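Peer 1: here is my input; please provide its structure:
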Amino acid sequence: MDVVISTSFLGLIGGLVVLFTALGRIPPWVGYPVGGALLSIYLLAVAAGLKSMRDIRKRPPPSTSVVGRRGVVAEVEGGGWALVKIEGVYWRAYCEDCAPGDSVEVVELRDTGLVVRRRR
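Peer 2: Residues are numbered from 1 along each chain as shown. The predicted structure follows:
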């Protein structure tokens with residue numbers, strides 16, 4: 001059985017333990033180490049979350065990172081749609097006359113998927 005505890009909850013409990021230790025309700029030799037450890041976990045989680053948010057903002061949008069890349073058609077669906085493998089990642093792509101195994105190049109990124117053209 002997995003137990004999931006919110007980091008905000010850990011921060012709240014750690015703050016309360018430190019507060020009750022300062023008020024004399026919990027012995028200092030127990031309260032400060034336990035409360036400090038819980039607050040430290042909370043602060044580390046908040047710092048990691050802020051760093052990951054900053055890293056996500058630095059990442060280029062998919063349009064700039066996919067257009068111009070080359071891939072291979074893995075399978076063809078109906079209506080001109082195909083499943084294309086580009087650098088180990090499968091993408092849904094629109095291709096006029098593609099067949100499995102064709103080499104393609106990404107021309108455009110749309111809301112519905114990629115637009116690719118067959119390389120001659």
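Peer 1: list the contacts of E96.
Peer 2: G80, R117, R118 (CB atoms under 8 Å, 6 or more residues apart in numbering). C-beta here means a position set from N, CA and C on the backbone, and glycine is covered the same way.
Peer 1: revised request: answer the last question for E105.
Peer 2: G68, R69, R70, G71, V116, R117, R119.
Peer 1: is it correct that the first one is in contact with V106?
Peer 2: Yes: taking CB atoms under 8 Å as the definition, G68 is a contact partner of V106 at 6.3 Å.
Peer 1: out of these two, which sits in the more crowded spot?
Peer 2: V106 (20 against 9; other CB atoms under 10 Å).
Peer 1: what sits against that one?
Peer 2: Taking CB under 8 Å, 6+ apart as the criterion, V106 is in contact with V66, V67, G68, R69, R70, G71, I86, A93, L114, V115, V116.
Peer 1: confirm that it sits in a strand.
Peer 2: Yes: remark: V106 belongs to a strand, assigned using DSSP: H, G, I helix; E, B strand; the rest coil.
Peer 1: show me what it is bridged to.
Peer 2: Beta-bridge partners for V106, by DSSP bridges, are V116.
Peer 1: which one is I86 nearest to, not counting chain neighbours?
Peer 2: Nearest residue to I86, sequence neighbours excluded (CB to CB, 6 or more residues apart in numbering): G71, at 3.5 Å.
Peer 1: what's the host helix or strand of that neighbour in contact with?
Peer 2: Per DSSP states H and E: G71 is located in strand 70-76. Outside of strand 70-76, the residues that reach it under the criterion CB under 8 Å, 6+ apart are 82-87, 90-91, 95, 98-106, 116, 119.
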